[in-house]
Structures are given as structure tokens and as C-alpha cells.
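K.L.:
Turn this into a structure:
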Amino acid sequence: MSEAAVKTAHPKGLWVLFGTEMWERFNFYGMRAILTLFLVNSLMMKEEDASLIYGGFLGLCYLTPMLGGFIADRFFGNRNCILLGGLMMAIGQFLLFTSASVFGTNLSLANALMWSALGIIIFGNGFFKPNISSMVGSLYPKQEKSKLDTAFTIFYMGINLGAFLGQLICPIVGDVKDAEGIRDIHAFKWGFLAASVAMLIGTAIFYVLKNKYVVTPEGRPLGGLPSKNDSSDFEEGESQKAVFSQKALIIAGIMFLVLGAIIHFVFDQNLIYTLIYSSGLTLAGLIVSDSSLTKIERDRIFVIYIVAFFIIFFWAAFEQAGSSLTFIADNQTDRNFFGWNMPPSMVQIFNGLFVVAFAIPFSMLWDYLRSKDSEPISPMKQAFGLALIALSYFIIAHNVKDLGNSGLLAIKWLILLYLIQTCAELCLSPIGLSLVGKLSPKRFSSLLYGVFFLSNASGYALAGTLGSIMPATGDKFVKAKELGIDLQGVLDKTITPTAEQLKLLAANQISDHNPIFAGFEIHNLFEFFMVFVVLTGIASIILFALTPFLKKMMHGIR
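P.N.:
Residues are numbered from 1 along each chain as shown. As a prediction, this is how the structure comes out:
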């Protein structure tokens, strides 16, 4: 193929997938922005429990892509799974709308509808997520695979344009406070309804335009039934079908049970988190047991696994946006933004806004560095991302250090945190998606995206665990004081609360002890944020050190 042909514009199918993903992310991030506030304020849950539910929900959303990828690769194809997943997520959001409509008259029914909704969204996301990502890479000829970092950065802009719109509109209609700062707990339903409508729009766009634009470079429809795969889509000498022996499947089943028992009983993880961690490890082992893999294919798959492990720590820190950072924005932040008191669930909107603003410049940066033969390899970019997120939490930790129990954090520091984390995200997440597309054997494409998303699942599960160790923020001390209780004395163990005081604290969702992490007691927000600095900082340093070895294992792919 001539150099001029290689430099052609991106295929129109990329923009169809861009639009489909944009509306799906509107649905998902819009719901995410208000979910924990709905759980705490309408369904009367503790913040600690809401954080654990939030982490488990997000984790399962990125566990089920393993199942969705497998079903697409073996049975239904990418297209059918995307349509099925989109409809399921729209239904799930509508059930959340119903839950938020009835909690005032029937709390038990509202809880049942909430759990049903989250379950349907989890499986819908599993069908949708890996299949739309794997189709992006298939839009390009083999000679243009070097453009995938740029393509996925553009695709990622669609993700975050949707996230921006969802985090703008859903809080405006769903997280409403009056002039005195009193929240309308009945308004959440409108945010969930907006998310449901957005998902229906995205599904309709894909259904109408898929046949015309979502095609191979040769013009054949992409993502059809696996039984109709064309052998020309595979590399010369590449196996077209995975080969798992019965012995490998039995061993995988045994390992799943053994790992689950260890994670649950030794590391004291709940059943959802146990399922996420043990599934990821088991599936990773099963794939490399495939007897059709060549040494080069196996090396490249191990690169995906190694990078995916470090990504866990990134998402554990990044996904505090929907739990601990939202609670801090709600309880201990001056949200005055040019004279407007911004809803707490909307503060995270700056992440999506910054991604939309910087996705194209980052894409141009990678293109420029590639033209100068100076582009860092993908794992190096991801190490930069981890270093940046460590920096963001170091800055915020410094600024909350002297707040005390009544001081308010200026909103500009949360905006700066989201700015730095956006740059980190653009160095890591779209690059990771692109890396899987470049390193995956085609017969494992959707399944390996499922494995990659399992690292997100594990990160989100860890995010829930870490979010639950956030110490009491200012509003808790104010409320305790109104109840006649010196909460600081209770936490410092200089005062022993009475049984009646303990009941009052529990009734008002206030913990009577500081949280513990890895044997250390977390006394304040400074110590809480430094946990993320240490985790992501160490992960960044180790990934930097491993980069030369990973480069060799990639066998020429950058």
C-alpha cells in the first residue's frame, strides 16, 4: 500500500462507534454521578456501604465483559451483543427511575428495584463494552495499525464527551438543592430517566448506521456472526479458533474455586470482590493455556496481563470520583464557581470536559512524536499516567492537611485534581485499549478486551474498598455536635460514648471509629489521600523499570 493511502483519514465507521459510545457513556456516567448520593439520601444507606456497593457495581460492570466477549467471539457476534447490551442498560436505568419514584412510599420495593436495575446494567455493559472496543481496531487495514493509538484517543474523546454531557445533565435535573441547601431527594429519578433515554439514542444510532459504515477496509460488515468470519481477516498462519483442551478447562475450574477460597477467607474480601479477582486470574491462565498460541502471541498476551495489573492501581485511585471525592465535594468543599453553587455530583464533570478539550492535542502529540520516531511505547505512556495521578493526589493531600473538621476545600483544587488526572487518563486508558487491539491474536480479540476490562473491574473493586476508608468529613462533626456528642473525642478514644450516643451516631450514619487500611489507622483526609499517592507512585516506578523487558516481549509492536 502506498504511503499516501496509509495517511488517509480515519474511516467513517470510527465516527459511528464514537457516537454510539458517546451516548452509552452519557447513560453510564450520568447515572454514576448521582448513584451514591441516591443510595445515601433516598435509600438511607451509610456512606461506607454506598462506597462498597459503588465499587462492587463498577467492578461487576467490568467483569461481565469477559462473558460478553466470549459470547460474541463464539456465538452472537459483536453487532448483536452491542444491540442487546444497549437495550438492557436502557431498561436498567428505567428501573432506577422507578426505584427513585417509589422509595418515599415503599422503601423495600425501591431497594429491590435498585438491585434489579444494577444487575441488568451490569450484564448489559458486559455485552456492550468489549465488543464496541474490539470493532475499532478492525476498521483499519493491517498496514495502518500504527494509527490505533490516535484512533482510540479519538474514540476516547467520544467516551468522555458523553461522560461530560451525562455529568452535566443528570446532576442538573437529578441532584437539586433549594436556596437553603436542602436536597430534593425525589429529583434523582429525572437523572436516571435522562440516562435511560440517552442509551436508547445510542443504540438507535448503531442500529441505523452499522451496515453502511461499520465495515472492514474491504467493505464487508464488521462484527457479524462468528460462523461467517472471513479467513482473510486473519494474519497468515494465524489460527482462526481458540483451542482449549478439556484438561485446561477442568484445571481452570479448580483454580477458580481455589483462588476464590483464598481471596474470600484469607484476604477477607466479600463475595462480589472475590468473584472479580478470582475470575480475572482464572481467565488469564486459561487463555495462555491455548495450545494454538505461538511463542510471539503468548509473549504479547503476557504484556497485556502485566500492563493490566498496573492499571488496577490507576483505576482504584481514579474512580474515587464517584464515591469519596463526591462525598468530599458534598460535605467539605466550597463549591462556589463564579458565583454559582455547583451541585456536588457535578464537580466531577471537569474530567469529561478536560478529556474533550485535550484528546485531540494528545492525539496530535502522539502523531508528531511518531513522525520523529520518538514516540514512547505504550507501557511507558501508561507509567507516565500513573505518575501523574500520584501527583494529583499529592497536591490535594497537601491542601486538605490543615482544613480540620470545619474548613472548606476551595473547588479550584478539585478542578486541578481532575485536570491532572485527565492528562493521566489520556496517557493510560485509550493507550491501553489500543495496546490490546495491537497485541491480541484476532481469535481472542473480544475475550482479551474482556480480560483487560477485568483489570478495570479489579481497580473499581479496590476503589470501593479504599473509598470506604475515608475518615469522617466536616458535616459529620457538625451533626455530632448538634446531637451533643464530641465526635473528635470519640474517634481519638479520649471519650467513651454511651450506648445511647452510639445509637444516635449509627442512626445518623456516623461511624464511631477511624477506618483501618493495611494495619494503619486513617485519622484524617491527608492520610487518606496519601494512600493513593503511595499506591500509584510505587506502581509507576515499577512499570517504568519493566518497560525495556516489555518492549522485547512486544516483538516489534510499539
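
K.L.:
Now name the helix or strand holding the spatially most central residue of the chain.
P.N.:
Among the residues of the chain, the smallest C-alpha distance to the mean C-alpha position (CA atoms, centre = their mean) belongs to Asn456, namely 5.7 Å. Taking DSSP states H and E as the definition, one finds Asn456 inside helix 445-467.

K.L.:
Tell me which helix or strand comes right after that helix.
P.N.:
Moving on from helix 445-467 towards the C-terminus, the next helix or strand you reach (DSSP H and E) is helix 474-482.

K.L.:
so how far is Arg558 from the residue nearest to the centre of the chain?
P.N.:
Distance of Asn456 to Arg558, given as CB to CB, to the nearest Å: 23 Å. Just so you know, the C-beta spots here come from the backbone N, C-alpha and C atoms, and that holds for glycine as well.

K.L.:
Please apply the same query to Phe267.
P.N.:
37 Å.

K.L.:
So these two - more neighbours on which side?
P.N.:
Each of Phe267 and Arg558 has its neighbours counted (other CB atoms under 10 Å); Arg558 has more, 16 against 10.

K.L.:
Now the spatially closest residue to that one that is not a sequence neighbour, what are its backbone angles?
P.N.:
Counting by CB to CB, 6 or more residues apart in numbering, Arg558 lies nearest to Ile377, which is 4.9 Å off, once chain neighbours are set aside. With angles defined as degrees, to the nearest 10, Ile377 sits at phi -70, psi 160.

K.L.:
shouldn't Ile377 be in contact with Pro548?
P.N.:
No: here Ile377 lies out of contact with Pro548, judged by CB atoms under 8 Å, at a distance of 9.6 Å.

K.L.:
Would you state the strands of the stretch 401-550 of the chain in chain order?
P.N.:
409-410, 516-517, 520-521 (DSSP state E, counting those that start in this stretch).

K.L.:
The stretch 101-250 of the chain now?
P.N.:
Counting by DSSP E, counting those that start in this stretch, the strands of the stretch 101-250 of the chain are 176-177, 183-184.

K.L.:
Let me know which of these is the nearest to Glu521.
P.N.:
Closest of those to Glu521 is strand 183-184, at 31.5 Å (criterion: CB to CB).

K.L.:
Does anything pack onto the closest one? Which helices or strands?
P.N.:
Contacts defined by 3 or more CB pairs under 8 Å, 6 or more residues apart in numbering; DSSP states H and E place strand 183-184 against strand 176-177.

K.L.:
Can you name the residues in contact with the strand it packs on?
P.N.:
The set of residues external to strand 176-177 that reach it, using CB atoms under 8 Å, 6 or more residues apart in numbering, is 183-184, 187, 341, 343.

K.L.:
possible to save those as a markdown table with neighbour count, distance to Leu35 and pLDDT?
P.N.:
As requested, these are arranged in a markdown table below (neighbours: other CB atoms under 10 Å; distance: CB to CB, whole Å; pLDDT from 0 to 100):
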| residue | neighbour count | distance to Leu35 | pLDDT |
| --- | --- | --- | --- |
| Arg183 | 17 | 15 | 89 |
| Asp184 | 13 | 17 | 92 |
| Ala187 | 19 | 14 | 94 |
| Asn341 | 13 | 22 | 89 |
| Pro343 | 22 | 14 | 89 |
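
K.L.:
longest helix of this structure?
P.N.:
In the chain, ranked by residue count with DSSP state H as the criterion, the top helix is helix 107-138.

K.L.:
Would you check the distance separating stretch 205-223 from the middle of the chain?
P.N.:
The chain centroid and the centroid of stretch 205-223 are separated by 27 Å under CA atoms, centre = their mean, to the nearest Å.

K.L.:
Stretch 134-144 now?
P.N.:
For stretch 134-144, the distance between its averaged C-alpha position and the chain's averaged C-alpha position is 24 Å (CA atoms, centre = their mean).

K.L.:
Would you mark the buried spots in it?
P.N.:
Buried positions in stretch 134-144, judged by neighbour count with 16 or more other CB atoms under 10 Å: 134-140, 144.

K.L.:
where does the stretch 401-550 of the chain dip in pLDDT?
P.N.:
Along the stretch 401-550 of the chain, the parts satisfying pLDDT under 70 run over 446.

K.L.:
what does the stretch 101-250 of the chain give?
P.N.:
Counting by pLDDT under 70, the stretch 101-250 of the chain contains low-confidence residues at 142-146, 227-243.

K.L.:
at 90 instead, please
P.N.:
Within the stretch 101-250 of the chain, the set of residues satisfying pLDDT under 90 comprises 129-161, 163-164, 176-183, 211-249.

K.L.:
Contact partners for the closest residue to Trp190 other than its chain neighbours?
P.N.:
Here the nearest residue to Trp190 in space, its sequence neighbours aside, is Val173; by CB to CB, 6+ apart that works out to 4.1 Å. Neighbouring residues of Val173 by CB under 8 Å, 6+ apart: 187, 190-191, 194.

K.L.:
out of those residues, who has the most neighbours?
P.N.:
Neighbour count (other CB under 10 Å) singles out Gly191 as the most crowded of the contacts of Val173, with 29 neighbours.

K.L.:
Redo the strands of the stretch 101-250 of the chain as JSON lines? Include distance to Tyr368.
P.N.:
Putting the strands of the stretch 101-250 of the chain into JSON lines (distance: least, CB to CB, whole Å) gives the following:
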{"stretch": "strand 176-177", "distance to Tyr368": "45"}
{"stretch": "strand 183-184", "distance to Tyr368": "47"}
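
K.L.:
of all the ones you listed, which lies closest to Ala112?
P.N.:
With CB to CB, the closest approach to Ala112 among the strands of the stretch 101-250 of the chain belongs to strand 183-184: 23.3 Å.

K.L.:
quick one: strands adjacent to that closest one?
P.N.:
Strands adjacent to strand 183-184 in the sheet, as given by DSSP bridges, are strand 176-177 (antiparallel).

K.L.:
if we can go back for a sec, winner for burial among the strands of the stretch 401-550 of the chain?
P.N.:
With neighbours taken as mean count of other CB atoms under 10 Å, the strands of the stretch 401-550 of the chain reach their highest mean count in strand 409-410, at a mean of 17.

K.L.:
mind listing what that strand pairs with, with the direction of each?
P.N.:
Strand 409-410 has the following strand partners under DSSP bridges: strand 333-334 (parallel).

K.L.:
With distance to Asn106 added, can I get the strands of the stretch 401-550 of the chain in CSV?
P.N.:
Shown next, in CSV, are those (distance: least, CB to CB, whole Å):
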stretch, distance to Asn106
strand 409-410, 38
strand 516-517, 37
strand 520-521, 40
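
K.L.:
Nearest to Ala33, out of those?
P.N.:
Closest to Ala33 of these is strand 409-410 (CB to CB; 18.9 Å).

K.L.:
so how far is the closest one from its chain's centroid?
P.N.:
Here the centre of mass of C-alpha atoms in strand 409-410, compared against the chain's by CA atoms, centre = their mean, lies 26 Å away.

K.L.:
Please apply the same query to stretch 503-511.
P.N.:
The chain centroid and the centroid of stretch 503-511 are separated by 31 Å under CA atoms, centre = their mean.

K.L.:
Pull up the distance across it, start to finish.
P.N.:
Chord length of stretch 503-511, first to last residue, is 11 Å (CA to CA, to the nearest Å).

K.L.:
which parts of that stretch are buried?
P.N.:
When neighbours are counted by 16+ other CB under 10 Å, the buried residues of stretch 503-511 are found to be 504-505, 509-511.

K.L.:
residues in contact with it?
P.N.:
Contacts of stretch 503-511 from elsewhere in the structure, counted by CB under 8 Å, 6+ apart, are 40, 44-48, 472, 476, 479-480, 483, 485, 487, 490, 497, 512.

K.L.:
Nearest to Gly166 among those?
P.N.:
Among the contacts of stretch 503-511, Val40 lies closest to Gly166 (CB to CB), at 19.9 Å.

K.L.:
What are the buried residues along the helix or strand hosting that closest one?
P.N.:
Per DSSP H and E: Val40 is located in helix 12-41. For helix 12-41, burial by neighbour count (16+ other CB under 10 Å) applies to 13-14, 16-41.

K.L.:
got the angle between the next helix or strand after that helix and helix 445-467?
P.N.:
Proceeding C-terminally, helix 12-41 gives way to helix 47-61 as the next helix or strand, assigned by DSSP H and E. Orientation check (axes from the mean of the first three to the mean of the last three CA atoms, to 10 degrees): helix 47-61 against helix 445-467 gives 170 degrees.
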